[in-house]
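> dropping a prediction and its sequence here:
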Amino acid sequence: MSENLITISPSQGPAPRIGFVSLGCPKALTDSELILTQLSAEGYQTSKTFDGADLVIVNTCGFIDDAVQESLDTIAEALNENGKVIVTGCLGAKTGEGGGNMIREMHPSVLAVTGPHATQEVMDAVHTHLPKPHDPFLDLVPGGFGTAGLKLTPRHYAYLKISEGCNHRCTFCIIPSMRGDLVSRPIGDVLKEAQALFAGGVKELLVISQDTSAYGVDIQYRTGFWDGKPIKSRMLELVQALGEMAKAHGAWVRLHYVYPYPSVDAIIPLMAQGLVLPYLDVPFQHSHPDVLRRMKRPASGEKNLERIQQWRELCPQLVIRSTFIAGFPGETEAEFEHLLNFLHEARIDRAGCFAYSPVDGAQANALPGQLPAALREERRSRFMAVAEEVSMNRLRDRIGVTMQVLVDSAPAMGRKGGVGRSYADAPEIDGVVHLLPPEKMSKTLKVGEFTSARIVDVRGHDLVGVPV
Ligand code: SF4
C-alpha cells in the first residue's frame, strides 16, 4: 500500500470512493489539490486503501529515472489491488518505445491517461467510470480555504502556483514537452487565491512555477485587476502585492524557481524592507558559461557571481538555495572547479546536486563528451563536500542570533520543545530549527504560529534554538 495515499475529510452518507496517490514536485501537488478539490466538491469520498476504493487516481512524476520507476510501481500496485486506475501527471504525457503513450503501452488496462495540469480531463474520466453522486448538499467544498480549494500541505503553509509550463528548452530537461509552454495565470486569480489562503490561516505562502521570473511574459505583462485597481501581470508587481497582503496577515512569502535575470534586482529591496522573505531559490545548475550554454540555461549570459554580490550588498540577510548538476556532458575538470569556486564565492547557503543522468527524450543525451558514471558520481561527492562546508559556515554564523521561527511541530504545547523553520528554511527541502523547551515555564509553542528563538547550536544541516 502506498504511503502517499491521500484522503479528503469524509462527508455524510455513502458516496463513491476514490483512492488518490500524489507523486512528484510541488507543481504536481497543486495539480492534485485542484483534482481533490473538484472531487470533494462533487461529493466523492476518498479511500485509505486501494482495495477499499471504487477507483484509483495516480498523479505521476516523470522527471528523473527514480521518479518514473516509483510512478510505474504505484500504477502496477493500484492495478493489482484495485484494477480501476486513472493516470495523470507528467509521466502520462510521455511517449513510449513503440511510439504511443508510454503508460498505455506498459499498462493497457488503465482506464484513462492524461498529462499534467488536466483537472477537467481527469474529472471527465472519473465521471465516465464512476458516476458522481446526486446530493446537492455535497456541492459544498469542505475545508477553510474557500476559493483556494483543498490543500495537501499542513494548514499553516501552502504552495501558490502562478504559471504552468516553460518557454525554455534546457537540454537536460523534458518538462516543456510534458507541461507545454509558459501559461501565466491571470494576476487577479492568483491574488484572489493568495487572499483566501491567508484568510484561511496560512502563515507561509510558497510561490512556485517552472520559472517565477518569467511570470506574465506569455501575456505581455497584461494589466489585470485586483482590489478595484489595475495591476500588471509581472513578477515585481505580483511580489509587491503578495508581500503587502502577507504583511496584513503577519505571514511570510517565499519565492521559488527564480532565474538570475536583471529584473530580479528590483525584488531584492522588497526583501531588504521585509515585505517578502530574504530567501531566493535560484536553480543555477552550473556556473561555467560554456556549460550553461551547453545546457541552454535561462540567463546563461548573465554574470551570476557579480549579480549575487550586488544582491548581498543590498540585502545582507539574503539566503540563496540552489540546485546543480555535476558531470554534465563535456564538463572538463577546469569547468567543474569553476563550479566549486562559485559555491565558495557566492556563499550558496543551501545547495543540492545531482550527478548528471540522461533523461529519456532530452537533447543532452546526444551531446558529445558523455562522462563515465563513476566520474559524474565522484564530482557530485566532491561538490557536496564543498557545499556542506560553505553551508556549515553560514549556519555557524547564526549562533547567538535571535530568529523568528514558524512552528511546524510542538507536542505538549512545546513544553518539551518542538520543530520549526526560520526564513532561511523552506519546508521539505531545507533544514529545520530544533526548538528546545522554552526558558520561561509560561511560554507555550503552537503549530502554525511564530516564536522567537535564540540560536545556540548547529546540528547537521539544522539549527538548535531556545524559544525566548
Ligand atoms: S527552465 Fe529549463 S529546467 Fe526549468 S522547466 Fe524550463 S526547460 Fe526545464
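On my side now, so go ahead. Residues are numbered from 1 along each chain as shown.

> which parts of the stretch 151-300 of the chain sit against the ligand?
166, 168, 169, 170, 173, 175, 176, 210, 211, 298 (CB under 6 Å from any ligand atom). Heads up, the C-betas are built off the backbone N, CA and C, glycines and all.

> drop anything exposed from these.
Among these, those classed as buried by neighbour count (16 or more other CB atoms under 10 Å) are 166, 168, 170, 173, 175, 176, 210, 211, 298.

> right, and the helix or strand after the lengthiest helix in the chain?
Longest helix in the chain, counting residues (DSSP state H): helix 373-396. From helix 373-396 onward toward the C-terminus, using DSSP states H and E, the following helix or strand is strand 402-409.

> which helices and strands sit right next to that following strand?
Using 3 or more CB pairs under 8 Å, 6 or more residues apart in numbering; DSSP states H and E as the contact criterion, the elements in contact with strand 402-409 are strand 418-421, strand 433-435, strand 450-459, strand 462-467.

> to the ligand, which of those strands lies closest?
Across the helices and strands packed on strand 402-409, the ligand has its closest neighbour in strand 418-421 (25.1 Å, CB to the nearest ligand atom).

> which parts of the helix or strand containing residue 124 are buried?
Using DSSP H and E, residue 124 sits in helix 119-129. Buried positions in helix 119-129, judged by neighbour count with 16+ other CB under 10 Å: 119, 121, 122, 123, 125, 126.

> hey, C-alpha coordinates of that helix in CSV?
C-alpha atoms of helix 119-129 as CSV (Å, rounded to 0.1, in the frame of the first residue of the first chain):
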residue,chain,number,x,y,z
THR,A,119,-8.2,18.6,-13.9
GLN,A,120,-11.1,18.6,-16.4
GLU,A,121,-9.8,15.6,-18.3
VAL,A,122,-9.4,13.6,-15.1
MET,A,123,-12.8,14.6,-13.9
ASP,A,124,-14.3,13.5,-17.3
ALA,A,125,-12.6,10.1,-16.9
VAL,A,126,-13.9,9.8,-13.3
HIS,A,127,-17.5,10.7,-14.4
THR,A,128,-17.3,8.0,-17.2
HIS,A,129,-16.2,5.2,-14.9
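
> what's that helix in contact with?
18, 31, 34-35, 38-39, 42, 44, 55, 57, 84, 86, 88, 111-112, 114, 132 (CB atoms under 8 Å, 6 or more residues apart in numbering).

> just confirm residue 110 is within a strand.
No: per DSSP: H, G, I helix; E, B strand; the rest coil, residue 110 lies outside any strand segment and is coil.

> I'd like the residues of the stretch 151-300 of the chain next to the ligand laid out as JSON lines, including secondary structure and pLDDT.
Shown next, in JSON lines, are those (DSSP: H, G, I helix; E, B strand; the rest coil; pLDDT from 0 to 100):
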{"residue": "166", "secondary structure": "coil", "pLDDT": "91"}
{"residue": "168", "secondary structure": "coil", "pLDDT": "91"}
{"residue": "169", "secondary structure": "coil", "pLDDT": "93"}
{"residue": "170", "secondary structure": "coil", "pLDDT": "93"}
{"residue": "173", "secondary structure": "coil", "pLDDT": "91"}
{"residue": "175", "secondary structure": "helix", "pLDDT": "85"}
{"residue": "176", "secondary structure": "helix", "pLDDT": "88"}
{"residue": "210", "secondary structure": "coil", "pLDDT": "90"}
{"residue": "211", "secondary structure": "coil", "pLDDT": "92"}
{"residue": "298", "secondary structure": "coil", "pLDDT": "80"}
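
> just these now: which is nearest residue 255?
residue 211 (11.7 Å; CB to CB).

> check contacts around the closest one.
Shown in contact with residue 211 (CB under 8 Å, 6+ apart): 163, 166, 167, 168, 182, 257, 259, 298.

> could you measure from it over to residue 196?
Note on residue 211: its distance to residue 196, by CB to CB, to the nearest Å, is 25 Å.

> what's the answer for residue 337, then?
Using CB to CB, one gets 49 Å for the distance from residue 337 to residue 196.

> between those two, which is the more surrounded one?
Using other CB atoms under 10 Å as the criterion, residue 337 and residue 196 rank with residue 196 on top: 17 against 13.

> surely that one forms part of a helix?
Yes: applying three-state DSSP, one finds residue 196 inside a helix.

> look up phi and psi at the nearest residue to residue 403 once chain neighbours are set aside.
Distance criterion CB to CB, 6 or more residues apart in numbering; nearest residue to residue 403, sequence neighbours excluded, is residue 422 at 4.5 Å. Main-chain torsions, residue 422, degrees, to the nearest 10: phi -90, psi -180.

> could you number the chain from 239 rather than 1 from now on?
Taking 239 as the first residue, the last one we looked at is residue 660.

> what is the neighbour count of residue 660?
22.

> check it and give its pLDDT.
Looking at residue 660, its pLDDT stands at 98.
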